[in-house]
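[1] Take this sequence and fold it.
(2 chains)
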Amino acid sequence: AQSVSQHNHHVILSEAASLELGCNYSYGGTVNLFWYVQYPGQHLQLLLKYFSGDPLVKGIKGFEAEFIKSKFSFNLRKPSVQWSDTAEYFCAVNFGIGGADGLTFGKGTHLIIQP
Amino acid sequence: ETGVTQTPRHLVMGMTNKKSLKCEQHLGHNAMYWYKQSAKKPLELMFVYSLEERVENNSVPSRFSPECPNSSHLFLHLHTLQPEDSALYLCASSQTTGQYNSPLHFGNGTRLTVT
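    Numbers count the residues shown, from 1 in each chain, chains lettered A, B, ... in the order given. Take a look at the predicted model:
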């Protein structure tokens, strides 16, 4: 079955530390990949997306992610985190392109940045 | 402002009640979705509507009944729910063609508690 795995459920970092959140999916076909963020009390917002082309994609607020097809991975990175990055981060995959297929989400990673 | 508005924000209902959740999108999208977000579980896709027709139903119990009267409005009718149905119910919309599906835009959700 198609699935999305996020390896870290809780991550605690200090400000200015580097961040990498893992995301893997199980599907050999074409995928569209997304990272969403949910700040406390707010709605889910799109951080970045990959559809095709350059596998290194840049999103908002200094985040980037790299699609490595051979590893079925789409890890999220940020070189220097800020206290305001405290949030829940969700990796999501659209298995098969075209049409309103909906997204399959990972369980999420709760990121806490300590000042 | 997300462009996707959900009402009510909070709902408490007994197991014998009938209630409805409402979602309205102001983005001109042609696809709408219901997701369920429970603690410690991935977001679960419940229903997908594309061009007002239901295209996906992920084996959701019949006590949840969706309705999509037009491309801007989506309802989730609830009846005889169980306590385990308590969760955050998220509405989302996207623009889809035969080959492309834009990222999902989410509402703030309705926090449902079943007593």
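
[2] Up against chain B, what does chain A have?
    Taking Cβ under 8 Å from any Cβ of the partner chain as the test, the list of chain A residues beside chain B reads A:4, A:32, A:34, A:36, A:42-46, A:49, A:51, A:90, A:92, A:94, A:97-108. Bear in mind the C-beta positions are built from the backbone N, C-alpha and C, glycine included.

[3] Tell me the bridge partners for A:Ile112.
    A:Ile12 (DSSP bridges).

[4] mind checking how far the residue sitting nearest the centre point of chain B is from A:Phe72?
    Nearest to the mean C-alpha position of chain B, counting by Cα atoms, centre = their mean, stands B:Trp34 at 2.6 Å. As judged by Cβ to Cβ, to the nearest Å, B:Trp34 and A:Phe72 stand 28 Å apart.

[5] re earlier: note down every partner strand of whatever helix or strand the residue nearest to the centre of chain B lives in and its orientation.
    Here B:Trp34 sits within strand B:31-37, counting by DSSP states H and E. Its sheet considered, strand B:31-37 pairs with strand B:44-50 (antiparallel), strand B:87-94 (antiparallel) by DSSP bridges.

[6] Can you list the helices and strands that the helix or strand harbouring B:Leu11 packs against?
    Assessed by DSSP H and E, B:Leu11 sits inside strand B:10-13. Contact partners of strand B:10-13 among helices and strands, from 3 or more Cβ pairs under 8 Å, 6 or more residues apart in numbering or on different chains; DSSP states H and E: strand B:18-25, strand B:110-114.

[7] can I get the CA coordinates of it in CSV?
    Below are the C-alpha coordinates for strand B:10-13, written out as CSV (Å, rounded to 0.1, in the frame of the first residue of the first chain):
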residue,chain,number,x,y,z
HIS,B,10,-15.8,23.9,17.7
LEU,B,11,-18.7,21.4,18.0
VAL,B,12,-19.7,19.2,20.9
MET,B,13,-22.4,16.7,20.1
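
[8] hmm, who's touching that strand?
    Outside strand B:10-13, the residues that touch it by Cβ atoms under 8 Å, 6 or more residues apart in numbering or on different chains are B:19, B:21, B:78, B:81, B:110-115.

[9] Could I have the buried ones of these as ChimeraX selection syntax?
    Typed into ChimeraX, the line below selects the buried ones among those, using 16 or more other Cβ atoms under 10 Å in any protein chain shown:
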select /B:19,21,78,81,110,112,114
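
[10] could I get the contacts of strand B:10-13 as TSV with pLDDT and distance to chain A?
    Output for those, formatted as TSV (pLDDT from 0 to 100; distance: Cβ to the nearest Cβ, whole Å):
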residue	pLDDT	distance to chain A
B:Lys19	95	21
B:Leu21	97	15
B:Leu78	96	20
B:Leu81	93	22
B:Thr110	96	12
B:Arg111	95	11
B:Leu112	96	16
B:Thr113	95	17
B:Val114	94	22
B:Thr115	91	23
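
[11] B:Ser72: which of the contacts of strand B:10-13 is nearest?
    Using Cβ to Cβ, B:Leu21 is the member of the contacts of strand B:10-13 that lies nearest B:Ser72, at 15.3 Å.

[12] and the nearest residue to that closest one once chain neighbours are set aside, what does it touch?
    Nearest residue to B:Leu21 in three dimensions, chain neighbours excluded: B:Leu76, at 4.3 Å (Cβ to Cβ, 6 or more residues apart in numbering or on different chains). With contacts defined as Cβ under 8 Å, 6+ apart, B:Leu76 is in contact with B:20-21, B:23, B:34, B:46-47, B:64-67, B:89.
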